[in-house]
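Give me the fold of what follows.
(one chain, ligands or ions: 1)
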Amino acid sequence: MEKSLMTELVHLGDRNPPSVSRSKTLPITLTSVFSFDDVETLDKVYAGEEEGYVYTRMNNPVYDALKEIMYNIDGGEDAQAYSSGMAAITMSILSQVRAGDHIIAANVLYGGSHQFFKTELKRFNIEVTFVDPLQDRLEQYFKTNTKLVYIETISNPLMEVLDIPKIAQIAHDHNAKVIVDNTFATAVICQPLKLGADIVVYSATKYLCGHSDITAGIVVSDKETMRQISSTGVLYGPTMSPFDGWLLVRSLRTLELRVIQHSNNALKLAKYLENHPKVKTVYYPGLKSSPHHITAKKIFRGDYYGGMLSIDLVDGEKGAYGLIRELETIKLVPSLAGVSTAISYPAKTSHRAFSEEELERAGISKGLLRISVGLENIGDLISEFERTLQKI
Ligand SMILES: Cc1ncc(COP(=O)(O)O)c(C=O)c1O
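This next block holds a predicted model:
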């Protein structure tokens, strides 16, 4: 029967083509919803009795591919993908606490996480104690209602490395779970779940993606914890776009290659900057002089320490502003982990929500610059720093 143009336009081509061959790569399932032949099948998929998808806020084949990669490389049992690192962090935390609970968090954290702990959780009557896990005796901060300990593998921006097995042991002795933000390290450098952590969160916007073109987050944990996190996430709805998920799967194929090259470059640049008279301090756990080198050697998987380093300039704020202005190819970028080297000024970017006292207490000075070391030829990179440091 002949159909109208309008009917043909909305129906034609809207099917999975019959084929004995398959796409070599993962197809992007760019759909918000899935169709069914009958109510019985729909009901079975909802109930988990049949494999299938219902609605992309709940799941999508692209997320399943991402989850499979992520829980395997991180040594977990299940994973979840979100629209940002902050979504991964907030969904993990909110799924584990209720009003009246208490959380212990490291005092040096990504600014957004710090802000969430400080202001947002207060609205839910959840108390947060910020501690310095390097100096303080952690045991003294636990209360009967402490549910979580929250730390970063390599802290932003001072590149401190915490003893995850020790912290996990103390937390578990007090019936608390440990969440580790593994964004700076990735599973290539460290696998916190294998060291005793309970939940690993990522800003996948950074190394997991690695090309500065998507915003995404990932959580990995055991099956039961992931069930709790997923239930919370479905209700808050920070859903990742399947297209971004597909790009992330593509990016993960080269994660190890990229992180190794970032790390090798960062170590060489750190060694060069450490000996420069205009640089007061280099913060990089790969340096033998770093107070975190021994812990890093203990908990990192190989001789790689990541692509992130920070420097404190002798000339403080004036030197920092001057260096940023004079660099040629290295841009001021308030993010990290892209293919090209980028520089950031934490006091005015990632940590701008910190008060003056908080910055001082955390050791984030006005002369501190954070460098995300890229994949360039290391000789070119060192020459650019050499020329620019000479100018300022
Ligand atoms: C260590 C760390 N965790 C989490 C986040 C938040 O991730 P997103 O910007 O993807 O929400 C960032 C962002 O810079 C970060 O550096």
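
drop to CA atoms for contacts and neighbour counts, all remaining ones
Will do.

Is L369 part of a helix or strand, or is it coil?
Following DSSP: H, G, I helix; E, B strand; the rest coil, L369 is assigned to strand.

Pretty sure Y110 sits against T349.
No: judged on Cα atoms under 8 Å, Y110 makes no contact with T349 at a distance of 10.3 Å.

So for those two, which residue has more residues nearby?
Y110 (17 against 13; other Cα atoms under 10 Å).

got the residues of this structure near the ligand?
Residues of the chain found near the ligand (Cα under 6 Å from any ligand atom) are S84, G85, M86, Y110, N156, T183, S203, T205, T215, A216, G217, S335.

Show me those residues that map onto helices.
G85, M86 (DSSP state H).

what's the closest of the residues of the chain next to the ligand to T25?
A216 (20.8 Å; Cα to Cα).

I'd guessed that closest one sits against M240; true?
Yes: contact status for A216 versus M240: in contact at 6.8 Å, counting by Cα under 8 Å.

Longest helix of this structure, counting residues only.
helix 255-274.

for it, what is the average pLDDT?
Helix 255-274 shows a mean pLDDT of 98.

The closest residue to the ligand within the stretch 101-250 of the chain pairs with what?
Closest residue of the stretch 101-250 of the chain to the ligand, Cα to the nearest ligand atom: S203 (4.1 Å). When bridges are taken as DSSP bridges, the partners of S203 come out as G217.

I'd like the distance between it and F124.
24 Å (Cα to Cα, to the nearest Å).

domain parsing for this protein?
Here the domain parsing of the chain from automatic domain parsing is 39-252, 255-391.

S203 and F124: which is more packed in?
Taking other Cα under 10 Å, S203 and F124 do not tie; S203 has more neighbours (26 against 14).

Let me see the contact set for the more buried one.
Contacts for S203 (Cα atoms under 8 Å, 6 or more residues apart in numbering) come out as S84, G85, M86, A88, T183, T215, A216, G217, I218.

Quick check: which element contains the fourth one?
Same thing as A88. helix 85-94 (DSSP states H and E).

coming back round to it: farthest-separated two in the contacts of S203?
T183 and T215 (12.9 Å).

Need the residues touching each of those two.
S203, A204.

Do a quick rundown of the helices in the stretch 101-250 of the chain.
Taking DSSP state H, counting those that start in this stretch to define them, one finds helices in the stretch 101-250 of the chain at 111-115, 121-123, 164-173, 186-189, 223-236, 242-252.

Tell me the buried residues in the shortest one?
In other words, helix 121-123. Buried residues in helix 121-123, counting neighbours by 16 or more other Cα atoms under 10 Å, are found at L121.

and that helix, how far from the chain's centre?
With Cα atoms, centre = their mean, to the nearest Å as the basis, helix 121-123 stands 23 Å off its chain's centre.

now do the fifth one
Helix 223-236 sits 18 Å away from the centroid of its parent chain (Cα atoms, centre = their mean).
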